[in-house]
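Student: My questions concern the predicted model and sequence given below.
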Amino acid sequence: MYHIINGLLKLKSLLPFSILYVLSDFTYLIVYYLIGYRKNVVRENLKRSFPGKTDRELLATEKKFYHHLCDLLFESMKMATISKEEMSRRMKILNYEPLLKHYDENKSVLLITSHYGNWEWTSSFSMYLPADKPMYQVYKQLKNKFFDRLIYNLRIRFGSVNVEVNELFDVLSSLKQQGKMGMIGLISDQSPSRNGIKYRSQFLNQRTPVITGTEIIAKKYDFPVYFVQIRRVKRGYYTCNPVPICLNHQESGKFEITEKYIRLLEQEIMAEPAYWLWSHRRWKFADK
């Protein structure tokens, strides 16, 4: 069954973007108007995050978000067959040369990003890296093994290595022992577990529990840390720009790396709110 579905996925991904976006427009009508996928969650998140916006402004952002979410679905599907040449035109990796210089210092690099823009396409960053120093993408295995396998294979098409989150420290320790290096990619805008809350920040106008594990990793393994800033240029075109957060963790205070990440993420969202994943239950453990 997997091979049948995967084959159908690849056939559909061969369609040109122009047709895929027509399908996306149609899917948007179904998801937004008929199904109403997590609409209550999206509305509550937007209302709490932008208390100064009018109902009309919030509704416009809401619809734009759902339209982008459907685009993201078909853009991710396109990863099954898109060429490296076309991907490099549609996801431009900017200013990545300074990151490679850390390899000369025998250091891997920690890249922190979020569920913004097209985060799936950031796996193409591996096309610009040495084959023996690739991108190690941290992910959480899906409960549905069928879909987990599909997404897993999409994410490794351009040379990235998937690392399940529960195996991360074992992989990092192994790389250190072997003297190997790479880019360690983490998405860090999720909500921590209730028992895992160590720090809260003022984020999008509300007290927010935030993940601190990225800071722990950076300090434990002496990684320089960059925020991967994603911009949507136009439909189907993005830029990915690494912004330094901390190049020497010994000079950073407690939770300083985490706080800098939150501030950069907030700036990114405030600039173009519709491209963040508002359907995520981000504040389920927020202060009451």
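Tutor: That came through, no problem.
Student: who's in contact with the longest helix along the chain?
Tutor: Using DSSP state H, we find that the single longest helix of the chain is helix 55-78. Residues from elsewhere that reach helix 55-78 (Cβ atoms under 8 Å, 6 or more residues apart in numbering): 9, 12-13, 17, 20-21, 23-25, 27-28, 31-32, 37, 39, 42-43, 46-47, 50, 53, 118, 120-121, 154, 232, 235-236, 273-279. C-beta: built from backbone N, CA, C; applies to glycine.
Student: you'd agree Q137 is in a helix?
Tutor: No. Using DSSP: H, G, I helix; E, B strand; the rest coil, the secondary structure at Q137 is strand, not a helix.
Student: Tell me the pLDDT of it.
Tutor: Confidence at Q137, expressed as pLDDT, is 96.
Student: what bridges to it?
Tutor: N162, G185 (DSSP bridges).
Student: which residues touch it?
Tutor: S123, R155, S160, V161, N162, V163, G185.
Student: how about a cut-off of 10 Å?
Tutor: Going by Cβ atoms under 10 Å, 6 or more residues apart in numbering, Q137 touches 111, 122-123, 125-126, 152, 155-156, 160-163, 183-187.
Student: How about Y28?
Tutor: With contact set as Cβ under 10 Å, 6+ apart, Y28 has these partners: K63, Y66, H67, H68, L69, C70, D71, L73.
Student: Turn these into TSV, columns for distance to K260 and neighbour count.
Tutor: Formatted as TSV, these follow (distance: Cβ to Cβ, whole Å; neighbours: other Cβ atoms under 10 Å):
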residue	distance to K260	neighbour count
K63	32	14
Y66	31	24
H67	31	19
H68	26	23
L69	28	22
C70	32	22
D71	30	22
L73	31	17
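Student: Dump those residues to JSON lines, plus pLDDT.
Tutor: Formatted as JSON lines, the contacts of Y28 follow (pLDDT from 0 to 100):
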{"residue": "K63", "pLDDT": "98"}
{"residue": "Y66", "pLDDT": "98"}
{"residue": "H67", "pLDDT": "98"}
{"residue": "H68", "pLDDT": "98"}
{"residue": "L69", "pLDDT": "98"}
{"residue": "C70", "pLDDT": "98"}
{"residue": "D71", "pLDDT": "98"}
{"residue": "L73", "pLDDT": "96"}
